[in-house]
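1. After the sequence you'll find the predicted model.
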Amino acid sequence: MSVSKVRGTENRSDIPAPSAPVRLATSIRNLTKEYVLKSETVRALRGVSFDVPEGDYVAIMGPSGSGKSTLLNLLGCLDKPTSGSLMLGDDDIASMTDDQLADIRSQRIGFVFQSYNLIQQLSVLENIQVPLYYQGRLGPKERERAVALATEVGLKDRLGHRPSQLSGGQQQRVAIARSLINDPFFVLADEATGNLDSVTTDEILAIFDRLNSEGRTIIMVTHEDDVAMRAKRIVRLKDGLLHTDEVVTEQERNEMREKQAAAVAEFLARE
Ligand SMILES: Nc1ncnc2c1ncn2[C@@H]1O[C@H](COP(=O)(O)OP(=O)(O)OP(=O)(O)O)[C@@H](O)[C@H]1O
């Protein structure tokens, strides 16, 4: 893998030129997280700093225990840092109350999990609208938006289906549509293709590509190099620290797309 070693927003053709101020989806400074146990304190994050400009597509990688889930939990407002700052828009989550964190989590962050996390008793359309239930925002406009999102992820003719009547890839599409219903700061994807075969993985990554080209910010944790190479940037953690922060060039992303498309075609030809 040859990713060019360029950090932050320097030399980024996909990020607006300096004349247009770069708006940040999130900004992380000296972020630490310690878990205090009876016998020891685990320093899961030991001072991590990076920015995610709006419209970026970042893959977070690193060996087991390097702090990926801890960082994801902080980005998703599921936990608070021990020190440092994590800005979402103008708000620092470090200084928020638990109630404020819960509000931001349900209203401004789109989650996509490996196991889809859909509600089995609800239809596709209802699952997409779940984040709105908690805010009491369910009217014809919201329904229209949910239908539009279902259409965007290719599920227009499955609106009344239950999750058990869908394939894994279709369930993940529902989760992606659900993640967008609140127009989030960013979509946070945790091993989103981890349960999917190569054909379906390619379909889901194509949806992420499209969403990102429409301006959506995507942050995903993955163990898979081939999945990470579809992002615009790879942040690697090691021992709770930022190890590398590398841009994936458009050429490298295209090559990975072509490689994966060829593998899918070969697989389908064998079927
Ligand atoms: N709730 C917790 N209490 C105590 N220690 C924890 C807790 N969560 C994580 N850790 C520790 O923090 C460190 C970082 O863990 P984390 O789960 O963030 O790593 P990871 O990179 O996501 O690993 P993996 O790829 O295996 O999921 C590890 O040493 C882990 O044992």
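-> Yes, it's here.
2. So in terms of bridging, what pairs with the residue nearest to Ser27 when sequence neighbours are not counted?
-> Spatially, and ignoring its direct neighbours in sequence, Ser27 is nearest to Met87 (4.3 Å; CB to CB, 6 or more residues apart in numbering). (Glycine included, C-beta is placed from N, CA and C.) Beta-bridge pairing for Met87 (DSSP bridges): Ser27, Asp92.
3. Met87 reaches Leu24, doesn't it?
-> Yes - here Met87 lies in contact with Leu24, judged by CB atoms under 8 Å, at a distance of 7.1 Å.
4. Where does Gly84 sit: helix, strand or coil?
-> Secondary structure assignment for Gly84 (DSSP: H, G, I helix; E, B strand; the rest coil): strand.
5. was I right about it contacting Arg46?
-> No - with contact defined as CB under 8 Å, Gly84 and Arg46 do not form a contacting pair (10.1 Å).
6. Now do the shared contacts for these two.
-> Common neighbours of Gly84 and Arg46, using CB atoms under 8 Å, 6 or more residues apart in numbering, are Thr32.
7. Can you report how many residues lie near the closest residue to Glu191 other than its chain neighbours?
-> Nearest residue to Glu191 in three dimensions, chain neighbours excluded: Gln114, at 4.1 Å (CB to CB, 6+ apart). Gln114 has 17 neighbours, counted by other CB atoms under 10 Å.
8. Equivalent analysis for Ser69, please.
-> Residues near Ser69, counting by other CB under 10 Å: 17.
9. And the one 4 residues further on, by the same measure?
-> With neighbours defined by other CB under 10 Å, the count for Asn73 comes to 17.
10. Wait, it touches Asp79, no?
-> Yes - counting by CB under 8 Å, Asn73 touches Asp79, with 4.3 Å between them.
11. how about the helices in the stretch 151-271 of the chain?
-> For the stretch 151-271 of the chain, the helices defined by DSSP state H, counting those that start in this stretch occupy 168-180, 198-213, 225-228, 250-270.
12. Just checking the distance from the first one to the centre of its chain.
-> If I follow you right, that is helix 168-180. 12 Å (CA atoms, centre = their mean, to the nearest Å).
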